[in-house]
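**Q** My questions concern the predicted model and sequence given below.
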Amino acid sequence: MDTGIEAPQKVSIIRPLFSTVFINLFVVFILELVMLREKKAKIELENARLRIEHAEAINQQLRQHIHPHFLFNSMSVLKSLINKNPGLAEEYIIKLSDFLRVSISANEANVVKLSDEYKLCLDYIEMQKIRFGEALHFAFHIPEGRLVSGYVPGFSLQVLLENAIKHNVLTEDMPLHIVVECRQGWLSVSNNIQKKLSSEQTTKLGLANLSDRYRILTGDRIVVEETEEQFTVKVKVLTDEDIDH
């Protein structure tokens, strides 16, 4: 005969058991969630580290493309000057030595002081003046305060100057005019367009490398403006806040 007394006892036993199981499952769920988030954070951190290492490797590779190309051209110019004008060849060697001395110290840095890049460019331009004479005209308009406080990726201005000379015709009747200016935190390198007919003008490797370096180092992009008469490239002047010391 069922008196109905055992039912409440079963319920009183099952409830604590159910509560214990539920609490344990909830704790396990929370622990799994915490472990999953920690694992995800570790994966994201590792991926970020790999991206940084990859970016640094690319940046180093891009920077190394600049010097061999320049040195090859310089040796060719020097060989020609030795045969034609030994006096100018000696002056060219002095300028090249100064250029290499400055560039060696700058080559290990992702960014350099604008004043150092300016000195590098002066040596480079003076070398080109020895080569081209009155076929090349240039002007720098950079405030002294900006030279002292600003930074740029190493060889950035030099690449733009080289790009202008490389892709244009230079003669005394048709001189190339290059102007470097600084306005509102941006450096601009402008030249009149006198394009060569050779296929070399389509490579634009130096400009592409500079664009990649700016993207990798700062996240910013360079600005390229071209009209029928003038070609201009603008790059941002970096400050202490933009770079990691």
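**A** Yep, it's here.
**Q** Find the residue at the geometric middle of the protein.
**A** Arg213 (2.2 Å; Cα atoms, centre = their mean).
**Q** Look at that one and report its pLDDT.
**A** In this model, Arg213 is scored at 79, pLDDT.
**Q** Test my guess that it contacts Val152.
**A** No: using Cβ atoms under 8 Å, Arg213 makes no contact with Val152, being 10.2 Å away. C-beta here means a position set from N, CA and C on the backbone, and glycine is covered the same way.
**Q** any idea which helix or strand carries the residue nearest to the centre of the chain?
**A** Here Arg213, judged by DSSP states H and E, is contained in helix 205-218.
**Q** Which SSE is immediately downstream of that helix?
**A** Following helix 205-218 in sequence order, the next helix or strand is strand 223-226 (DSSP H and E).
**Q** what packs against that next one?
**A** strand 230-236 (3 or more Cβ pairs under 8 Å, 6 or more residues apart in numbering; DSSP states H and E).
**Q** now Ser74: how far from Val189?
**A** Distance, Ser74 to Val189, by Cβ to Cβ, to the nearest Å: 20 Å.
**Q** And these two? Which one has more around it.
**A** Taking neighbours as other Cβ atoms under 10 Å, Ser74 and Val189 compare with Val189 leading, 22 against 19.
**Q** Let me see the contact set for that one.
**A** By Cβ atoms under 8 Å, 6 or more residues apart in numbering, the contact list for Val189 reads 157, 160-161, 164, 178-180, 232-234.
**Q** and what of Gly185?
**A** Taking Cβ under 8 Å, 6+ apart as the criterion, Gly185 is in contact with 236-237.
**Q** Of the contacts of Val189, which is the most crowded?
**A** Each of those was scored for neighbours by other Cβ under 10 Å, and Leu160 scores highest at 27 neighbours.
**Q** element containing the residue lying closest to it once chain neighbours are set aside?
**A** The shortest distance from Leu160 to any residue other than its chain neighbours is 4.1 Å, reached at Val189 (Cβ to Cβ, 6 or more residues apart in numbering). Taking DSSP H and E as the definition, Val189 sits inside strand 186-192.
**Q** Also Val112?
**A** Val112 belongs to strand 111-113 when elements are defined using DSSP H and E.
**Q** And whatever helix or strand comes next after that strand, what does it pack against?
**A** Beyond strand 111-113 on the C-terminal side, the first helix or strand identified by DSSP H and E is helix 114-132. Under the contact definition 3+ Cβ pairs under 8 Å, 6+ apart, helix 114-132 sits against helix 6-84, helix 86-106, strand 136-141, helix 144-149, strand 151-153, helix 156-166, strand 176-183.
**Q** got a list of contacts for the shortest one?
**A** What that stands for is strand 151-153. Around strand 151-153, the neighbours that count as contacts under Cβ under 8 Å, 6+ apart are 110-114, 117, 187, 210, 213-214, 217, 235, 237-240, 242-243.
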